[in-house]
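In: Got a predicted structure plus its sequence, pasted below:
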Amino acid sequence: MTGQYQFSDKTFNAKQNTLSQNGYPQPLEQKVSQLLELFCRSDGRVIRKSELLEQLWPDRVVNEDSLSVAVSKLRKALGDDRHQPIYIKTISGVGYQWLPQTQCFDSESAEDANAQSEPVSQVNESPSSVKRTSAVLLFLVALVAPAWFWWPAESTPVDSQKAETVTLSESFRQQLEVAGQALESNDGAQLKQAIVTYRNVLERHPDYLPAYMGIARAKFELSHTQTSFASLQLYKDEIRALAEHVLEKDPENDEAWLMLATIRFLADWDFESADSAYLNALKYGPDEPTNYLTYSEFLITQGKFEQAREQLDRLRAINPSYYRFVNMTFVHFMQREYDLAMAEVQRLINSEVDSRGHHVMAHRVALMQGKEATAFRKLKVLMAEAGFDELRIKTVERVYHEGGLTAVFRHFLEQELPENVGHYRPPLALARYAILAGDKAAALDWLRTAVAQKQSTVLLVPVDPLYQSLFGFPGFAELLEQIPSA
């Protein structure tokens, strides 16, 4: 085979194992490239899983977990959403179907196809546009999404020989697929049912490591779904034990190292041991973007902005498609580079699929720039996405027209607003509203509550420019001493 293929706005070179969009090539792993070529040559027919396994692993006996890993990686490379696919459709219990019309070129015409697909100009073009970004900063999760958004988009099994030796029944495989979908939801009942599924699998297959990680992820998601990570203290010991169990069996499992690092970071506030775990995640998962993204955020909380920038630059060098993430905007913002931050988020708004994270950062940057109209316009978008009905939005509009943003945030403070409208959840959100309303005493009181509860987003207080007005205010220096990153 090894030809060249065009579909949608992408060009796939099977010989070079590259997938290009707008002239930006990204390398593909050999198995992922082989899988993509099989799809490109399928003419849209449904391909059974057994056929794909035979084609991809002709000399090995592997189960469908290995295929799921390859499909997941390919979806990430394509920027596909398995719930609303435009490339790979899952046919439950059967296999997969390739959706886009695909044109195949032989080797002699491949160079001509490349030339035709090359853009005239690449200035200010972003490499990739996806329906839903699969990786965002940990703290941006509280702003952007109802789940741990930067975690791998599918419930992929541990990529190890240990995982491949476990043979699951068709019933278990179907149940695990549903459980994996639950991990992407914001539904507590679905997450609890996912835990039941993983435990049922472990009763029959105690060596199936992905089930341990599935429970850990579900518990972590529950801590966010229920209380915006405030209840992480309830689950931290169990999540830690699950990750450590996986590492005992598979010491090079970067997903388990990342989970362990996150617990040490967000729940324990143990920065030294968290740093060690993050470095292990990077060591064993050098091609996994979430490892770079979350480690960069960990560095930001310590004010190590240049090191965080280096991690993001390294990630972009690995794959230019990662320019689509909002993370660099966060770095600029924390460094008080507001013009650069706004330019970066505007680039994303202009060229990428609409994202709540874009509006959050645009709102925050506009606040620091003193651009009230822009900040309020973005705030209205965030209120609507948080579930405000028309009457509530009109009430806030009236408050804004009467007293500006100061009055709006005083209104939120008085209401003790529970929703996340771009400033996390209470109690930290109430501290932020108090600052923006000019009430430093109330801000300090709510900050003390947030620290006492170990609300994870408190770790950003020492570096977030919003809190700069509190420096020198009585009691604030003492509060900072309770935050390890300070």
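Out: Arrived safely. Numbering: from 1, shown residues only.

In: For residue 479, grab the count of nearby residues.
Out: For residue 479, the number of neighbouring residues by other CB atoms under 10 Å comes to 18. C-beta here means a position set from N, CA and C on the backbone, and glycine is covered the same way.

In: From residue 300, how far off is it?
Out: Distance, residue 479 to residue 300, using CB to CB, to the nearest Å: 20 Å.

In: is it true that residue 285 touches residue 256?
Out: No - look at residue 285 against residue 256 with CB atoms under 8 Å: they stay out of range, at 10.2 Å.

In: out of these two, which sits in the busier spot?
Out: residue 256 (28 against 19).

In: any chance you could map the helices in the stretch 101-250 of the chain?
Out: Taking DSSP state H, counting those that start in this stretch as the test, the helices found in the stretch 101-250 of the chain are 110-117, 138-144, 161-164, 170-182, 188-204, 209-227, 232-249.

In: repeat for the stretch 351-486 of the chain
Out: Going by DSSP H, counting those that start in this stretch, the stretch 351-486 of the chain shows helices at 356-369, 372-385, 390-415, 428-437, 440-452, 476-480.

In: Tell me how far the third one lies from the chain's centre.
Out: For helix 390-415, the separation from the chain centroid amounts to 31 Å (computed by CA atoms, centre = their mean, to the nearest Å).

In: With the shortest one instead?
Out: Using CA atoms, centre = their mean, the distance from the centre of helix 476-480 to the centre of the chain it belongs to is 31 Å.

In: Now do the buried residues in it.
Out: 476, 479, 480 (16 or more other CB atoms under 10 Å).

In: Can you read off the pLDDT for the last one?
Out: Model confidence at residue 480, given as pLDDT, is 94.

In: if I read this right, it contacts residue 459, doesn't it?
Out: No - the pair residue 480 and residue 459 does not pass the contact test of CB under 8 Å, sitting 11.4 Å apart.

In: what helix or strand is residue 19 on?
Out: Here residue 19 sits within strand 18-21, counting by DSSP states H and E.

In: and which of the buried residues of helix 476-480 is nearest residue 281?
Out: Proximity to residue 281 was ranked across those by CB to CB; first place goes to residue 480, at 28.7 Å.

In: Check the gap between the closest one and residue 304 for me.
Out: Look at residue 480 and residue 304: by CB to CB, they are 17 Å apart.

In: helices or strands next to the strand holding residue 19 in the packing?
Out: Counting contacts by 3 or more CB pairs under 8 Å, 6 or more residues apart in numbering; DSSP states H and E, strand 18-21 packs against strand 10-13, strand 24-27.

In: just those strands: most buried one?
Out: Mean neighbour count (mean count of other CB atoms under 10 Å) peaks for strand 10-13 among the helices and strands packed on strand 18-21, with a mean of 22.

In: pull the CA atoms of that one into CSV?
Out: Provided in CSV are the C-alpha atoms of strand 10-13 (Å, rounded to 0.1, in the frame of the first residue of the first chain):
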residue,chain,number,x,y,z
LYS,A,10,-6.0,16.9,5.5
THR,A,11,-3.3,15.0,3.6
PHE,A,12,-2.0,11.7,4.8
ASN,A,13,1.4,10.3,3.6
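
In: For it, name the packing helices and strands.
Out: strand 4-7, strand 18-21, helix 30-40, helix 110-117.

In: Please name whichever of these is nearest to residue 269.
Out: helix 30-40 (38.1 Å).

In: how far does that closest one sit from the chain's center?
Out: On CA atoms, centre = their mean, the centre of helix 30-40 falls 25 Å from the chain's centre.

In: Out of the helices of the stretch 101-250 of the chain, flag the one nearest residue 444.
Out: Closest approach to residue 444 among the helices of the stretch 101-250 of the chain (CB to CB): helix 138-144, 20.9 Å.

In: what about that closest one, average pLDDT?
Out: 48.

In: now the strands for the stretch 251-400 of the chain?
Out: For the stretch 251-400 of the chain, strands defined by DSSP state E, counting those that start in this stretch do not occur.

In: pLDDT below threshold where in it?
Out: Of all residues in the stretch 251-400 of the chain, none has pLDDT under 70.

In: Try it again at 90.
Out: Scanning the stretch 251-400 of the chain for pLDDT under 90 picks out the ranges 266-267, 284-294, 297, 314-327, 330, 348-358, 385-387.

In: Make a markdown table out of the helices of the stretch 101-250 of the chain and add distance to residue 327 and mean neighbour count.
Out: Below are those laid out as a markdown table (distance: least, CB to CB, whole Å; neighbours: other CB atoms under 10 Å):
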| stretch | distance to residue 327 | mean neighbour count |
| --- | --- | --- |
| helix 110-117 | 29 | 14 |
| helix 138-144 | 8 | 23 |
| helix 161-164 | 30 | 17 |
| helix 170-182 | 25 | 18 |
| helix 188-204 | 26 | 17 |
| helix 209-227 | 19 | 24 |
| helix 232-249 | 22 | 18 |
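
In: Which stretch among the ones you listed approaches residue 418 most closely?
Out: Residue 418 sits nearest to helix 209-227 of all the helices of the stretch 101-250 of the chain, at 10.9 Å, using CB to CB.

In: CA atoms only: put that closest one into PDB for me.
Out: The C-alpha trace of helix 209-227 is given here as PDB (Å, rounded to 0.1, in the frame of the first residue of the first chain):
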ATOM      1  CA  LEU A 209      -4.800  -2.600  35.200                       C
ATOM      2  CA  PRO A 210      -7.000  -0.200  33.200                       C
ATOM      3  CA  ALA A 211      -9.800  -0.900  35.600                       C
ATOM      4  CA  TYR A 212      -7.800   0.400  38.500                       C
ATOM      5  CA  MET A 213      -7.100   3.600  36.600                       C
ATOM      6  CA  GLY A 214     -10.700   3.800  35.600                       C
ATOM      7  CA  ILE A 215     -11.800   3.800  39.300                       C
ATOM      8  CA  ALA A 216      -9.100   6.400  40.100                       C
ATOM      9  CA  ARG A 217     -10.300   8.700  37.300                       C
ATOM     10  CA  ALA A 218     -13.900   8.300  38.200                       C
ATOM     11  CA  LYS A 219     -13.200   9.200  41.900                       C
ATOM     12  CA  PHE A 220     -11.200  12.200  40.700                       C
ATOM     13  CA  GLU A 221     -14.000  13.300  38.400                       C
ATOM     14  CA  LEU A 222     -16.500  12.900  41.200                       C
ATOM     15  CA  SER A 223     -14.500  15.200  43.400                       C
ATOM     16  CA  HIS A 224     -14.800  17.900  40.800                       C
ATOM     17  CA  THR A 225     -18.400  17.200  39.800                       C
ATOM     18  CA  GLN A 226     -19.600  17.400  43.400                       C
ATOM     19  CA  THR A 227     -17.600  20.200  44.800                       C
END
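
In: Please consider this matter closed, and thank you.
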